[in-house]
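Enquirer: how does the following fold in three dimensions:
(one chain, ligands or ions: 1)
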Amino acid sequence: SHSPWDGRPIVLVGLMGVGKSTVGRRLAGRLRLPFVDADHAIEEAAGMTVAEIFEQFGEPYFRDGERRVIARLMDGKAKVIATGGGAFVNEETRALILDQATAIWLTAHPDVLAERVGRRDTRPLLRGKNPRQVLADLARVRDPIYAQAHIHIVSQRGPHEATVTAILRAIG
Ligand code: S3P
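Expert: All right, here's what the predicted structure looks like:
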């Protein structure tokens, strides 16, 4: 249903907890490509954590920085990029990614997402809330948008290696 990968940046999109960073890092290793975690790149550029940026400047400011960082990464060079869950939802950022990269949407069962986000409490959108509820609400709004990605990969419960292999097969 899609043509083989053409050497553009590979961009992983999808909800918090789906494993974009872990899968992205391993995928890059298998392809011997650089890996960039967009949230980390934003934190480096800002000298603050994502949570601090949300807290001090608000989400719209974060989204703008996110868009600029991702735009800078769209330089035509082969690499693997893990994005924060909201990046692809932003219209401008999404247009950039769809135009200049191969976008891969990772999905997983809501139980798997909830379990994974439970391991870390640094995410501003989940703080003080029921993660399962927030993720369900986000999925309802975001899934039709994520579905615009070029490739959809369902991440199974268990080791991320299976997801990496599924991606390699899909882009091969
Ligand atoms: C967000 C996801 C986070 C981070 C920020 C907002 C979102 O990234 O960018 O907290 O809107 O879904 P992860 O998907 O890596 O958790």
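Enquirer: residues near the closest residue to Ala136 other than its chain neighbours, how many?
Expert: Nearest residue to Ala136, sequence neighbours excluded (CB to CB, 6 or more residues apart in numbering): Pro110, at 6.4 Å. Just so you know, the C-beta spots here come from the backbone N, C-alpha and C atoms, and that holds for glycine as well. Counted by other CB atoms under 10 Å, the residues lying close to Pro110 total 15.
Enquirer: backbone phi and psi for Pro110, please?
Expert: The phi and psi values for Pro110, taken as degrees, to the nearest 10, are phi -50, psi -40.
Enquirer: now Val23
Expert: Here is the backbone geometry of Val23 (degrees, to the nearest 10): phi -60, psi -40.
Enquirer: separation between it and the ligand?
Expert: Distance of Val23 to the ligand, computed by CB to the nearest ligand atom, to the nearest Å: 11 Å.
Enquirer: Ala38 too?
Expert: Counting by CB to the nearest ligand atom - Ala38 and the ligand are separated by 8 Å.
Enquirer: could you export stretch 162-171 as CSV, CA atoms only?
Expert: Extracted in CSV, the C-alpha atoms of stretch 162-171 (Å, rounded to 0.1, in the frame of the first residue of the first chain):
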residue,chain,number,x,y,z
ALA,A,162,8.9,-7.0,17.4
THR,A,163,7.7,-3.5,16.6
VAL,A,164,11.1,-2.6,15.2
THR,A,165,11.0,-5.6,12.9
ALA,A,166,7.5,-4.8,11.8
ILE,A,167,8.6,-1.3,10.8
LEU,A,168,11.7,-2.6,8.9
ARG,A,169,9.4,-5.0,7.0
ALA,A,170,6.9,-2.2,6.2
ILE,A,171,9.6,0.2,4.8
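Enquirer: state the next helix or strand along the chain beyond whatever helix or strand Arg72 lives in.
Expert: Using DSSP states H and E, Arg72 sits within helix 59-73. Next along the chain after helix 59-73, taking DSSP H and E as the criterion, comes strand 80-82.
Enquirer: quick check: buried residues in the helix or strand just after that next one?
Expert: Using DSSP H and E, the helix or strand that follows strand 80-82 in sequence is helix 91-100. Using 16 or more other CB atoms under 10 Å as the test for burial, helix 91-100 gives 93-94, 96-97, 100.
Enquirer: out of these, which is nearest to the ligand?
Expert: Thr93 (11.3 Å; CB to the nearest ligand atom).
Enquirer: would you agree the closest one is in contact with Ile70?
Expert: Yes - contact status for Thr93 versus Ile70: in contact at 5.6 Å, counting by CB atoms under 8 Å.
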